[in-house]
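> Structure for the following, please:
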Amino acid sequence: MDQNRMPLVEALQQFREEAPAYFRIPGHRFERGLDEALNGASLAAYDLSEAEGLDDLHHAEGVIAEAQRLAAETWKAKKTFFLVNGTTCGNEAMVLSSVKEGEKIIVPRNVHKSVLMGLILCGATPVYVMPEYSTKWQMWGGVTPETIEKAFAETPDAKAVLLVSPTYYGLCSDLQAIAEICHCHNAALLVDEAHGSHLYFSEQLPLGALESGADACAQSIHKTAGSFTQSSFLSLGSGRLDEARVAANLQMVQSTSPSYLLMASLDAARRGMALHGKERMERALELGQRARQELAKIKGIEVLGTEMEGTCGVWKIDPTRLVFSARELGISGYDLQVRLYEEYRVSTELADEENVVCVITWANSEEDITRLIDALAGISAAESGKTAGRTKFTEKQWLFRSLPEMVKTPREAYFAEKEAVPFAEAEGRIAAEMAVPYPPGIPLICPGERYSREMLELMRQYKADGCEFHGPSDASLEVLYVLKEE
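Numbering: from 1, shown residues only. Here you go, the predicted structure:
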């Protein structure tokens with residue numbers, strides 16, 4: 001091997017040289033959206049440890065504590081903790097801080113896999129509820145207040161509810177109504193707000209979780225508010241979660257060598273949003289509106305709009321999250337994403353079987369939007385006359401007409417003895433690992449649940465469609481790990 005090579009560095013340099021129109025995370029868009037304190041700075045000079053005067057994240061009393069207080073004021077929180085292990089560790093800490101082994105927590109089936117990690121760590125029992133589903137867009141919507149009320153009627157001893165809002169597609173649940181229900185049942189409302197850190201800076205955006213009455217939320221500041229990748233907040237909105245317990249749990253799930261680069265970027269991003277958040281969101285909204293209007297004119301391109309509000313459990317949509325489809329042209333979301341980059345150097349955040357998602361931030365340019373519009377217009381023109389109307393791709397929502405049978409808690413299954421069996425022989429066995437198609441990171445089956453024939457067929461379909469799985473030890477899915485039979 002050639003030790004002069006730097007494969008990752010070279011790939012990053014090549015990507016930068018290709019200068020794509022960038023609609024992915026992180027939100028700062030190379031250097032364009034970075035606060036001036038970091039843009040052009042010698043970042044190596046900030047790559048330090050707990051040196052004199054720099055405080056300690058795990059026992060913050062000085063400058064880190066002050067930076068966290070400023071962040072709490074900006075996002076209207078009672079208390080904010082800096083996260084250097086991403087929103088993943090924030091979700092884990094929320095679970096650990098709200099329920100104990102044997103206690104119950106209500107979670108929708110479309111939670112991120114990090115919530116399952118928290119359940120494995122603490123031993124609590126998940127009580128799954130179903131979000132609504134859009135058959136037109138083939139995507140999960142929101143969770144209704146009625147669904148949460150019903151869950152409490154069936155499980156009155158649940159200690160907390162953890163929801164995802166906004167979703168990866170920018171779909172928000174009615175958190176205000178759900179918060180009232182939770183508090184009537186003396187339970188905490190926790191929110192995975194990974195995709196919503198920007199919602200607090202414009203009246204044209206849905207209310208943020210903290211403004212809606214959530215007791216705690218984890219926010220990916222890097223996704224939409226300008227910090228470096230892997231830097232997030234865990235914010236408390238009330239005193240329902242014990243602050244000292246949260247801090248102790250964060251010490252378990254965060255690095256003991258926290259990156260000062262990441263923390264500095266959180267501090268700088270906070271200043272940028274505190275001083276310029278409103279004008280930044282106006283800019284992002286204008287770009288998003290232009291993109292929607294122009295894409296809607298292109299033959300064969302459908303754009304998700306406010307018509308979904310009030311349906312499929314969706315209270316509001318985030319207009320800075322652009323969701324579109326070329327299903328009318330017979331092009332899957334996966335193929336459309338590949339063509340946008342390979343043919344036009346337009347880099348999009350997410351594709352599923354039918355849709356593509358772009359994250360639009362203030363750091364995007366008018367040229368980015370123009371390149372996206374021109375690319376989709378070019379693809380539409382190239383496909384003209386090739387298809388005879390809408391192609392209906394495989395419908396997968398039938399899986400969740402009934403949830404997999406939960407035989408053991410995620411923690412019990414995680415620590416039980418396991419064995420590998422051929423994929424075709426897994427029917428009826430109890431899963432030892434989660435199976436999470438990426439994107440968007442939603443578990444199909446969790447440790448402790450029983451494989452059904454329908455579940456295995458669904459996994460086979462996802463794999464055939466080219467979707468990658470996180471969780472299984474064998475990424476090829478030729479074998480699955482299950483619990484040893486007693």
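
> need the contact list for Leu336.
Contact partners of Leu336, counting by Cβ atoms under 8 Å, 6 or more residues apart in numbering, are 325-326, 351, 356, 379. Just so you know, the C-beta spots here come from the backbone N, C-alpha and C atoms, and that holds for glycine as well.

> Narrow those residues to those in helices?
The members of the contacts of Leu336 that map onto helices under DSSP state H are Ile379.

> Would you mind giving the contacts of Leu336 as CSV with neighbour count and pLDDT added?
CSV is the format used below for these (neighbours: other Cβ atoms under 10 Å; pLDDT from 0 to 100):
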residue, neighbour count, pLDDT
Ser325, 25, 96
Ala326, 25, 95
Ala351, 21, 91
Val356, 26, 97
Ile379, 21, 97
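
> Identify, from the contacts of Leu336, the entry nearest to Asp368.
Nearest to Asp368 among those, counting by Cβ to Cβ, is Val356 at 14.8 Å.

> unless I'm mixing things up, that closest one is touching Leu350, no?
Yes - counting by Cβ atoms under 8 Å, Leu350 is a contact partner of Val356 at 7.1 Å.

> Return the set of buried residues in the helix or strand of the chain with the lowest mean pLDDT.
Every helix and strand of the chain was ranked by mean pLDDT, DSSP states H and E. The lowest is strand 436-438, at a mean of 78. For strand 436-438, a neighbour-count test (16 or more other Cβ atoms under 10 Å) marks 436-437 as buried.

> ok, back up a step: which two among the contacts of Leu336 are spaced furthest apart?
Every pair of these checked by Cβ to Cβ; the farthest is Ala351 and Ile379, at 13.7 Å.

> quick one: low-confidence ranges for the stretch 251-400 of the chain?
387-400 (pLDDT under 70).

> Just the strands from it, written as ranges.
302-303, 316-317, 321-325, 346-348, 350-351, 355-359 (DSSP state E, counting those that start in this stretch).

> out of these, nearest to Tyr260?
strand 355-359 (26.5 Å).

> Counting by contacts, list what the closest one packs against.
Contacts defined by 3 or more Cβ pairs under 8 Å, 6 or more residues apart in numbering; DSSP states H and E place strand 355-359 against strand 321-325, helix 333-344, strand 346-348, strand 350-351.

> what about 10 Å?
strand 21-23, helix 260-295, strand 321-325, helix 333-344, strand 346-348, strand 350-351, helix 366-383 (3 or more Cβ pairs under 10 Å, 6 or more residues apart in numbering; DSSP states H and E).

> Ok, which of these comes nearest Thr74?
helix 260-295 (4.5 Å).

> got the angle for the closest one vs helix 366-383?
50 degrees (axes from the mean of the first three to the mean of the last three Cα atoms, to 10 degrees).

> So what angle separates the directions of helix 260-295 and strand 321-325?
50 degrees.

> Which secondary structure elements does helix 260-295 sit against?
Counting by 3+ Cβ pairs under 10 Å, 6+ apart, helix 260-295 packs on helix 63-74, strand 79-83, helix 221-224, strand 232-236, strand 302-303, strand 321-325, strand 355-359, helix 366-383.

> hang on, the earlier thing: in TSV, list the helices and strands packed on strand 355-359 along with distance to Ser49.
Listed next are the helices and strands packed on strand 355-359 as TSV, based on distance: least, Cβ to Cβ, whole Å:
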stretch	distance to Ser49
strand 21-23	32
helix 260-295	7
strand 321-325	37
helix 333-344	38
strand 346-348	34
strand 350-351	36
helix 366-383	37
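
> Tell me which of these lies nearest to Thr135.
For Thr135, the closest of the helices and strands packed on strand 355-359 is strand 321-325, at 13.2 Å, according to Cβ to Cβ.

> what pairs with the closest one, and is each one parallel or antiparallel?
With DSSP bridges as the test, strand 321-325 is paired with strand 302-303 (antiparallel), strand 355-359 (antiparallel).

> With respect to burial, which of the ones you listed scores highest?
strand 355-359 (a mean of 25; mean count of other Cβ atoms under 10 Å).

> joint contacts of Ala351 and Ile379?
Contact criterion Cβ atoms under 10 Å, 6 or more residues apart in numbering; residues shared by Ala351 and Ile379: 335-336, 340.

> and of the helices and strands packed on strand 355-359, who's closest to Asn249?
Of these, the one closest to Asn249 (Cβ to Cβ) turns out to be helix 260-295, at 18.8 Å.

> now the closest one and strand 232-236, what's the angle there?
Using the same axes, to 10 degrees: helix 260-295 against strand 232-236 is 90 degrees.

> Give me the distance from helix 260-295 to the chain's centre.
18 Å (Cα atoms, centre = their mean, to the nearest Å).

> so what are the domain limits for this structure?
Structural domains annotated on the chain: 55-271, 277-383, 397-483, as defined by automatic domain parsing.

> Give me the distance between the two termini of stretch 406-419.
Criterion Cα to Cα, to the nearest Å; first-to-last residue distance in stretch 406-419 is 19 Å.
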